[in-house]
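# take this sequence and fold it.
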Amino acid sequence: MVCKTWIDRFSSYFVIFCSVIIFAQSDVPRPRGVSLSKASLYLPTKDFTCFDGTATIPFSYVNDDYCDCFDGSDEPGTSACINGVFHCTNAGHRPQNLPSSRVNDGVCDCCDGTDEYANPTACTNICEELGKEARAEAQRVAELHKAGSQLRIDLIEKGNKKRNEMAEQLTQLEKDKSEAEKIKAEKELLKNDLEMKENEVLKVYREAEELEKQKKLDQEKETNLKESTEHFNRFDSNNDGELSVDEIKVVNVFDRNKDGQVDDDEVKMFLGGDEKVDKDAFLSTTWPILKPLLMMEQGMFKPEDAKTDTTETEAEENHEELDADFEGNEEDNSDLDLQEEHEEDETVSEQSKSYNDETQKIVDQASEARTQYTDAERTVREIESNIRNIKQNLEKDYGLEQEFASLDGDCFEYEDKEYVYKLCMFQKVTQKSKNGGMEVGLGNWGEWAGPENNKYSVMKYTNGIACWNGPSRTTTVNVNCDLETKITSVTEPFRCEYKMELSTPAACDDSSTSQEHTSHDEL
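Below is the predicted model:
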């Protein structure tokens, strides 16, 4: 009711108030450039004391175009003091204070022209016209806030309802979490119990598997030992139990580069720099390098008379690849194929496992218990995540009366020639090129950053994607009253710093409007 009365009678009261002020201003004697509120400090019947208290001078020194006070208070109506202040009365419009340096500078700063008193004809008094426009604008703003305040009331109701619902959800989720944790504990006990039984019944199978694996490894080692011994005996032409340089030089397989001879580098590689090797050294050092070459000799190369230039080139490439594979490798590379076959056998063995009925039943029960425990654990995590999200939302500042709460998560877009901007309230701001590409984060919700008397007029979004060789992007959102929530403009006044204008009924507060108009001094 108070708001309605103020809005309906604002214009008439404004005119009456201004008339009274104009009369009072013209009736109170004061020096040029002095405001009505400070008129009592400039009494012609008394000496003038500087506002900073540093000096007292005869009143005739006031506005004599000579600066006597350090604070410039003795020259409000001249430009003598660099720190002086000239007051424009601007009867019929808003009063104005400006630096005394702008007095008589040829520019009409006051709408009543009083700052250019040295040339009275230079300025025209336009205060009445400006005042009329200002009053019309004030009435328009008042009517906008009046209409918007009704929508704001709806937003407040929705906001409080949303918070109440979140509080109820939080209470229910806390209960759900307690129940879910009990179920998880029960599933874990069951899982642990069945896994113990599973380990017991599978112990025999696992031991058998290990024995089988060991048996295969032993067989592979025995085969490898037999094969390597046969080749050693074949190469040891004098049967002295050692393989010498002369003996390997006559064996074609030691000629790795197939140039028709076994050179010193090849001898060094196979004998490890020694003049000869015994059977044990041959098995541990020479055979791992020699066996792949034997396999190539037997399966990959064609007879000498059937070779073409192409096959020779391919053979050389294959040798080079083998050199790279085996050079500097201390492991038994000759067993690679055997290991692959062994792994394949293991896969087949795993796939073809079969247990007796009782064992299979326990294995199935343990597997099902693990699945149920995993599901129970996932349920607890999901509930905890929902609890965290709701608590974060409940801790957010949605305004004095929760007027912004219902807007949380709502997204609004704005397009210019190049980009599409998106503001998701209390979450993030993004930018995307119309030519395609990924969204660029311009900031995540930070805090309200308005002035002390209107905190909820500015939103700050920080820690966006960092600019190239620059800071992280930030966005400042100025919140204004309107009948619709929308973005009205987006600019980038500084590199990586964006500015948005957002209109919304949530910002339509009648009390702030009345405070704005009553705050003007001597209107």
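
# scan the protein for its longest helix.
Counting residues, the longest helix found in the chain (DSSP state H) is helix 127-235.

# now the element after that helix, going C-ward?
Following helix 127-235 in sequence order, the next helix or strand is strand 242-244 (DSSP states H and E).

# output stretch 85-100 as PDB, nothing but the C-alphas.
Below are the C-alpha coordinates for stretch 85-100, written out as PDB (Å, rounded to 0.1, in the frame of the first residue of the first chain):
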ATOM      1  CA  VAL A  85      34.300  22.400  -5.600                       C
ATOM      2  CA  PHE A  86      31.600  24.400  -7.400                       C
ATOM      3  CA  HIS A  87      28.000  23.700  -6.700                       C
ATOM      4  CA  CYS A  88      25.400  24.000  -9.500                       C
ATOM      5  CA  THR A  89      21.900  24.800  -8.000                       C
ATOM      6  CA  ASN A  90      20.200  23.700 -11.200                       C
ATOM      7  CA  ALA A  91      16.700  24.800 -10.000                       C
ATOM      8  CA  GLY A  92      14.100  22.500 -11.600                       C
ATOM      9  CA  HIS A  93      16.600  19.600 -12.000                       C
ATOM     10  CA  ARG A  94      19.200  17.700 -10.000                       C
ATOM     11  CA  PRO A  95      21.900  19.800  -8.300                       C
ATOM     12  CA  GLN A  96      25.500  19.100  -9.300                       C
ATOM     13  CA  ASN A  97      29.000  19.400  -7.900                       C
ATOM     14  CA  LEU A  98      32.000  19.900 -10.200                       C
ATOM     15  CA  PRO A  99      35.700  20.800  -9.900                       C
ATOM     16  CA  SER A 100      36.200  24.600  -9.600                       C
END
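
# that stretch - what's its average pLDDT?
The average pLDDT for stretch 85-100 rounds to 93.

# give the buried residues for it.
For stretch 85-100, the neighbour count (16 or more other Cβ atoms under 10 Å) marks 85-96, 98-100 as buried. Any C-beta I mention is one placed from the backbone N, CA and C, and that applies to glycine too.

# also stretch 273-290?
Quick answer for stretch 273-290 (16+ other Cβ under 10 Å): 274, 276-277, 279, 281-283, 285-290.

# repeat that for stretch 453-470.
Buried, per 16+ other Cβ under 10 Å, within stretch 453-470: 456-459, 461-462, 464.

# quick one: which of those residues is nearest Leu130?
Nearest to Leu130 among those, counting by Cβ to Cβ, is Ser457 at 25.3 Å.

# give me the pLDDT for the closest residue to that closest one other than its chain neighbours.
Distances taken as Cβ to Cβ, 6 or more residues apart in numbering put Gly450 closest to Ser457, at 3.8 Å, once the chain neighbours are dropped. What the model reports as pLDDT for Gly450 is 93.

# now the one 5 residues further on
Lys455 is assigned a predicted lDDT (pLDDT) of 93.

# not counting its neighbours along the chain, what's nearest it?
Trp448 (5.1 Å).

# same check, this time on Thr49
Looking at Thr49 with Cβ to Cβ, 6+ apart, the closest residue is Thr56, at 4.6 Å.

# so what's the one you found up against?
By Cβ atoms under 8 Å, 6 or more residues apart in numbering, Thr56 lies in contact with 47-50.

# so which of the buried residues of stretch 453-470 comes closest to Asn386?
Tyr461 (24.5 Å).

# shouldn't the closest one be within a strand?
Yes: Tyr461 sits within a strand when classified using DSSP: H, G, I helix; E, B strand; the rest coil.

# residue contacts, the residue nearest the centre of the chain?
Note on the chain: the residue nearest the mean C-alpha position is Gly464, at 5.5 Å, using Cα atoms, centre = their mean. By Cβ under 8 Å, 6+ apart, the contact list for Gly464 reads 429, 440-444, 472-475.

# hang on, the earlier thing: and the residue nearest to Ser457, which of the three is it?
Following three-state DSSP, we place Gly450 in the coil state.

# what's the helix or strand for the closest residue to Glu188 other than its chain neighbours?
Spatially, and ignoring its direct neighbours in sequence, Glu188 is nearest to Tyr373 (5.6 Å; Cβ to Cβ, 6+ apart). Element membership for Tyr373, per DSSP H and E: helix 357-395.

# great, nothing more from me.
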